[in-house]
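Peer 1: Build me a model:
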Amino acid sequence: MLKLTDDGAKIHLQGQSPTADNGMFWFGAALLVGAVAVAVAMSLLSERLAIGALALLIIGSFIFNVQRQKQKKAMNGMINGGVLWVRAGEFVHDGQGKRQHVQLVDDDDITLVDEQLQIIGLDGTPKYYISGFDSLQEAKAAKAIMKGQALSKRHANIKMSSD
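Peer 2: A predicted model of the protein is given here:
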């Protein structure tokens, strides 16, 4: 839902569930099972085998943390729910109890792909993906406002009920 304000617009984004797979969940579950197996191995097996099992668990934990950081970094620029306050050259995303204020640079390229806004930096790297708009017109309006173009209401729908 888009509401025009004095200096921009307020847009309620329809949050969609992330399309990422559950690979991190299953890898974490495997680490938990591995930790239990190491505990059992330390009590039943010889010292060498127990130390080897513990080393494998430590290596697995390191790999898990590296992959989790990569996933967090990839999801950092994706906005698909909450409230988006759009003004010329900037936007504020208010979602999941966090507020993120983003100033756009003149060299940032704002493109519209389907109903998704992509903000791409000067070096060609994507900075933000904004999705969850109600319609294509809402995404176009957000793009126009971010680029500094003024919007005005042209039509108003008024429904009257008769008693």
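
Peer 1: Helix or strand next in line after the top helix by length along the chain, which one?
Peer 2: When the chain is parsed with DSSP state H, its longest helix is helix 47-75. Note on helix 47-75: by DSSP states H and E, the next helix or strand toward the C-terminus is strand 78-79.

Peer 1: that older thread, which neighbouring elements make contact with the longest helix of the chain?
Peer 2: helix 23-44 (3 or more C-beta pairs under 8 Å, 6 or more residues apart in numbering; DSSP states H and E). C-beta coordinates here come from the backbone N, C-alpha and C atoms, glycine included.

Peer 1: Tell me what angle the helix it packs on forms with helix 47-75.
Peer 2: 170 degrees (axes from the mean of the first three to the mean of the last three C-alpha atoms, to 10 degrees).

Peer 1: in stretch 101-113, what's buried?
Peer 2: 102, 104, 108, 110 (16 or more other C-beta atoms under 10 Å).

Peer 1: Just confirm the last one is within a helix.
Peer 2: No. Counting by DSSP: H, G, I helix; E, B strand; the rest coil, I110 is not part of a helix but strand.

Peer 1: How is D123 assigned, secondary-structure-wise?
Peer 2: Taken by three-state DSSP, the conformation at D123 corresponds to coil.

Peer 1: Look up the residues forming beta bridges with the nearest residue to G95 once chain neighbours are set aside.
Peer 2: Closest residue in space to G95, ignoring its immediate chain neighbours: G82 at 2.4 Å, by C-beta to C-beta, 6 or more residues apart in numbering. Taking DSSP bridges as the rule, G82 bridges to L13.

Peer 1: any idea how far G82 lies from K72?
Peer 2: Distance check for G82 against K72: by C-beta to C-beta, to the nearest Å, it reads 18 Å.

Peer 1: These two: which has the busier surroundings?
Peer 2: A direct count of neighbours by other C-beta atoms under 10 Å for G82 and K72 places G82 higher, at 18 against 10.

Peer 1: What pLDDT is listed against that one?
Peer 2: With respect to pLDDT, G82 has a value of 82.

Peer 1: Below-threshold pLDDT in the chain: ranges please.
Peer 2: Scanning the chain for pLDDT under 70 picks out 16-21, 150-163.

Peer 1: Geometrically speaking, which residue is the centre of it?
Peer 2: The centroid of the chain falls nearest to M78 when counting by C-alpha atoms, centre = their mean (2.8 Å).
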